[in-house]
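Trainee: okay, here's the prediction I keep looking at, along with the sequence it came from:
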Amino acid sequence: MQDFVSISLVYLGIYALSAWSLNLQFGYAGIINFGWIVFQSIGAYFAAVTSLGPVTSHSYQSYIFGSSLSFPLPLIIGTLAGAVLAAILGFIVLTRKIRSDFVAVIMLVVAIISLQVVVANVSLFNGANGLSGIPQPFNGVLHLSRSGYQWFYVGWMAVICVIVYFGIEWLCRSSWGRSLRAMREDEVLATHLGINVQFLRLVVFVIGGGLAAFSGALLVEFLGAWSPDAWSFVETFVVFVAVYIGGRGNNRGAFLGALLVPVIFGVFPSFLPAFGYPGLSSTLQWVVIALLWLVTFYFRPAGILPEGRLIVQRQGLPDVSSMFRRGRQGKEKAMQSEGR
Amino acid sequence: MTTLTREIVGVSLEVRGIEVNYDGVAAVQGVDLTLSPGEIVGLIGPNGAGKSSLTNAIAGDIRVKSGVIRIGERDVTRMAAYKRARLGMSRTSQTARVFGAMTVFEGLVTSVRGNSGASLATTLRVGSARVSEAAAAEKAWELLDHLGLQHIANNFGNELSGGQRRSIDLAMAVIREPSILLLDEPMVGVAPALVPALLNEVRTIADRGAGVLIVEHALDVIASLCHRVIVMAAGAVIANGTYQEITENEEVRRAYLS
Amino acid sequence: MNIYIEGIGFGVIAAASILLGAMGFTLQFGLTNVLNIGYGALMTFGAFSCYLLHVWGVNVWVSVALAGMATSLLTLLVAKTILTVYVRRGAALFEMAMITFGVALILENGLAALTRSNTYILNMGLEHAHTLGPIRFTTTQLILVILAVSVFILLDTFLNLTKVGKALRATAVDPDLARTSGIATNRIVTIAWLISGFLCGMAGAVFTIDIFTVNAFTGDSLMPLVIVAALMGKAGSVRGAVFASLVLGIVTQVVSIAGASSYDSVVAYGALAIALLANPKLLQGGLVAERVQITV
């Protein structure tokens, strides 16, 4: 019983990172990345192959770049792989004037093609069977039981999520984050203010892609395996729904979405005893997620925690700098914000 | 004015032989134009004369088929719009653009030159970023005071009335302390009580060395503000002189004023 | 060489179902500007309807027509109840695409739950094979191709020669202008949904007859090629959709026969991606606006 709590918490962390990465690309910058899952996958794959060790004649799976790098290198390499992929794709796709839903379609098509190429080309990442036997970091050192290791990973994920959350919030509340929203709201006007929209979009895409890949690398180190089953469009759909329900353009909202959608509807049912015929609950959970999406978008399109509004107040000319002072005191004195 | 204001560097705008095409139709044909520092030039003409097309071309929002655009010594004909903005060009749009889901205050603070956080590098210099943020906030409040618009500081762009949108569009252009200011029908729909304050901002900017090009239909605005007026019709310039001179010009009368 | 001609033959047969689906999809997309990702679920519905009717003893070709009719009604229902609701709420284009995906998830997984994710076999009985040079085909496959071609001719005639058809095309190009020039756009939209739903259902039915199996996700295997064909053939252009379907059908089958069967759809998608990147205007046809074109 305890198992499913720890595993759910790990997944919460993973989906939180996923939601933040998508929220950055989509909620703040308005990029519709329907191929999001590819970035999580490439992070997982690259972290896997760099910790599985080189391919030998005794190996039962084949893959590229085999090496046995120690922690934290596979994580870093996985993250970088996502960032590089985002840079390449972003450069090809985002630096043109294409209507937003076509961008979505192109990214989706890229995801589908990547999936087929990986499945067809066994030498890349072991094709449809995927990779398994990926070593979990620190396992040899800590000598924990299986459930003990799971709880260790919960702690590990918690630390990471706290760091990432504060990093992303700082980014989004800075003037850089403001220029993202400006770009999202009116690209032409942003250009008139001297904002290099194309470059900015590329940078956001790369950061989001890197973060998505990071989540994939962390997940694969927990699961020990990764295969093409894990990266169909529904995965992207789930993260989009999470961000929509929780609240776009709001990182706490994104976390809330991560909590609601994948964990409650994705992870918990798989631990419940099967009812009906085997596989019924996993089929039905898609119906539930879709219904949740349709209902929420109808009643609360902005999400549970909407983006909110920054309210500023004048405190008298000499003390103007306190307006933007960080910390609770400065904030209470000079600035109140709603839902931020 | 605060001590943090930079002096506007006076550069001239020079436009030669501009041709702009939309789907094969020549919107602007062979227009020459110069704008000196401190000059306010009006651009008038009937609808379809090419005034907005010319303004868009100068700002870099559309490409020119041929011709040269120079800011000071630099040839900016092929330069992207955002780069021209960074060189000191500001503009308002014919459709009064504002940021829908950002507050007026945020929009103004973003417009302050150097504060748009356009690069991560600028943002990461935490110390100096904090200073420029505070200075930008101060500028924003000052401008809102001058315009009497403090009460809408926390309104979203999409909560503004038409006249307010236009005022804020102008405010965002003005707060950049541009060297060259392009205004496209900036007074349309603005409450009459607000117009003098806006005109005052434009005059102040010009007094500090900026060159201003203003497209307008309201001739009283043109008369009170402009040192010189250019008249366009059917894509070409048909007159160039003081307000007095062009109102007496026969061709202008026929094309526009009658 | 013969093997490639065989591939072309298979391609033509495959194109029959792609063609029907693409015509239906391009009508919807051309009219509403919405990428209906639920189209696959509707094709599955058509496939299942045909299968059930056939099992209950109805002649298979009548079943195809009836399946088409059933799907057209379902399509109209979904469009008028679900899609309209979200359009009225001001959903953006990609949000509508996600809405349609949500609807598809519900339809197909609901169906999977009902059928316990079984796959059923559509038994056409043993058939005599004909030959045309190196190409071998059954009577059924021949009828499928003839059916698809006939439907295309009928539809093309309807769109170009009848008053309603022309009104439909006018509405697709400029709905506001159509409305002000007296066209009853609401009725036209209803007719468009019915026709495209009919084609959609037929596509699913024809596809299932061709592969003689059906399950809750049948439409999903056909849908990608349908969408690619519709987009490549230019939004709203039925003739374009037909041509693109033919090319796609043949190319995927030939690639498959040439030994790279796992890459067959990569070719299709790659072509679409390249086309979208190189000149998106090509595919938009008359659509420029980035909003839902018409109150569905």
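Mentor: Nice, thanks for sending it over.
Trainee: enumerate the residues of the stretch 151-258 of chain B near chain A.
Mentor: B:153-154, B:156-157, B:172-173, B:176 (C-beta under 8 Å from any C-beta of the partner chain). No exception for glycine: its C-beta is placed from N, CA and C like everyone else's.
Trainee: swap in 10 Å and give it another go.
Mentor: Contacts of the stretch 151-258 of chain B with chain A, taken as C-beta under 10 Å from any C-beta of the partner chain, map to B:153-159, B:169, B:172-173, B:175-176, B:182.
Trainee: from these, pick the one nearest residue C:137.
Mentor: Closest approach to residue C:137 among these (C-beta to C-beta): residue B:158, at 60.0 Å.
Trainee: right, and the closest one touches residue B:97 too?
Mentor: No: in this structure, residue B:158 is not within contact of residue B:97 by C-beta atoms under 10 Å, at 11.5 Å.
Trainee: joint contacts of the two?
Mentor: Listed contacts common to residue B:158 and residue B:97 are A:185, B:165; contacts here mean C-beta atoms under 10 Å, 6 or more residues apart in numbering or on different chains.
Trainee: out of these two, which sits in the busier spot?
Mentor: Here residue B:158 and residue B:97 are compared on neighbour count by other C-beta atoms under 10 Å in any protein chain shown; more neighbours surround residue B:97, at 22 against 12.
Trainee: excluding its backbone neighbours, what's nearest the more buried one?
Mentor: residue A:189 (4.2 Å; C-beta to C-beta, 6 or more residues apart in numbering or on different chains).
Trainee: same question for residue A:93.
Mentor: That would be residue A:106: by C-beta to C-beta, 6+ apart, it lies 5.5 Å from residue A:93.
Trainee: the one you found reaches residue A:35, doesn't it?
Mentor: Yes: Residue A:106 is within contact range of residue A:35, at 8.0 Å (criterion: C-beta under 10 Å).
Trainee: overlap in contacts of those two?
Mentor: By C-beta under 10 Å, 6+ apart, residue A:106 and residue A:35 have these common neighbours: A:89, A:93.
Trainee: who's in contact with residue 125?
Mentor: Just going to use chain A. Shown in contact with residue A:125 (C-beta under 10 Å, 6+ apart): A:41-42, A:44-46, A:48-49, A:61-65, A:117-119, A:131, A:226-228.
Trainee: my question was about chain C
Mentor: Counting by C-beta under 10 Å, 6+ apart, residue C:125 touches C:60, C:140.
Trainee: same question for it, what's its three-state structure.
Mentor: When classified by DSSP: H, G, I helix; E, B strand; the rest coil, residue C:125 comes out as coil.
Trainee: now the helix or strand residue A:207 falls within: buried residues?
Mentor: Residue A:207 belongs to helix A:197-223 when assigned by DSSP states H and E. For helix A:197-223, the neighbour count (16 or more other C-beta atoms under 10 Å in any protein chain shown) marks A:197-198, A:200-223 as buried.
Trainee: now the strand or helix carrying residue B:220: buried residues?
Mentor: Using DSSP H and E, residue B:220 maps to helix B:219-225. Across helix B:219-225, burial judged by 16+ other C-beta under 10 Å covers B:221-222, B:225.
Trainee: so which of the residues of the stretch 151-258 of chain B next to chain A belong to helices?
Mentor: B:169, B:172-173 (DSSP state H).
Trainee: nearest to residue A:303, out of the residues you listed: which one, please.
Mentor: The closest of these to residue A:303 turns out to be residue B:172 (C-beta to C-beta; 28.5 Å).
Trainee: what segments of the chain are strands?
Mentor: No chain in the question, so chain A it is. A:131-132, A:225-226, A:309-312, A:335-338 (DSSP state E).
Trainee: ah, I was thinking of chain C
Mentor: Secondary structure of chain C by DSSP E: the strands cover C:120-121, C:129-132, C:135-138, C:213-214.
Trainee: any idea of the mean pLDDT for the first one?
Mentor: With pLDDT averaged residue by residue, strand C:120-121 scores 90.
Trainee: make sure residue B:30 is indeed in a strand.
Mentor: Yes: assigned with three-state DSSP, residue B:30 falls within a strand.
Trainee: coming back round to it: the residue nearest to residue B:97 - how many residues pack around it?
Mentor: What residue A:189 shows, counting by other C-beta under 10 Å, is a neighbour count of 23.
Trainee: with residue C:179 instead?
Mentor: Other residues lying near residue C:179 total 16 when counted by other C-beta under 10 Å.
Trainee: and the closest residue to it other than its chain neighbours, what is it in contact with?
Mentor: Nearest in space to residue C:179, with sequence neighbours left out and distances taken as C-beta to C-beta, 6+ apart, is residue C:185 at 4.9 Å. By C-beta under 10 Å, 6+ apart, the residues touching residue C:185 are C:31, C:167-168, C:170-171, C:175-176, C:178-179, C:192, C:294-295.
Trainee: what does the pLDDT read for residue C:185?
Mentor: Predicted confidence (pLDDT) for residue C:185: 83.
Trainee: and the contacts of the helix holding residue B:220?
Mentor: B:40-44, B:183, B:185-187, B:195-196, B:198-199, B:202-203, B:206, B:212, B:214-216, B:218, B:229, B:242-244, B:246-247, B:256-257.
Trainee: send me it as CSV with only the CA atoms.
Mentor: The C-alpha trace of helix B:219-225 is given here as CSV (Å, rounded to 0.1, in the frame of the first residue of the first chain):
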residue,chain,number,x,y,z
LEU,B,219,-6.4,68.9,-39.4
ASP,B,220,-6.6,71.0,-36.2
VAL,B,221,-4.0,68.6,-34.7
ILE,B,222,-1.8,69.0,-37.7
ALA,B,223,-2.1,72.7,-37.7
SER,B,224,-1.3,73.1,-34.0
LEU,B,225,1.5,70.6,-33.9
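Trainee: what is the rounded mean pLDDT of it?
Mentor: 89.
Trainee: name the next helix or strand downstream of it, please.
Mentor: Downstream of helix B:219-225, the first helix or strand assigned by DSSP H and E is strand B:228-233.
Trainee: can you list the residues of the stretch 1-150 of chain A near chain C?
Mentor: Contact residues, the stretch 1-150 of chain A versus chain C (C-beta under 10 Å from any C-beta): A:26, A:32, A:34, A:92-93, A:96-117, A:119-121, A:127-128.
Trainee: in stretch A:166-179, what's buried?
Mentor: A:168, A:171-179.
Trainee: likewise for stretch A:83-103?
Mentor: A:83-87, A:89-90, A:93-94, A:98-99, A:101-103.
Trainee: quick check: mean pLDDT of that stretch?
Mentor: Rounded mean pLDDT across stretch A:83-103 is 84.
Trainee: distance between the ends of it?
Mentor: End-to-end distance for stretch A:83-103: 19 Å, by C-alpha to C-alpha, to the nearest Å.
Trainee: distance of the residue in the stretch 1-150 of chain A that chain C sits nearest to relative to chain B?
Mentor: Relative to chain C, the nearest point of the stretch 1-150 of chain A is residue A:120 (3.5 Å; C-beta to the nearest C-beta). According to C-beta to the nearest C-beta, to the nearest Å, residue A:120 stands 38 Å off from chain B.
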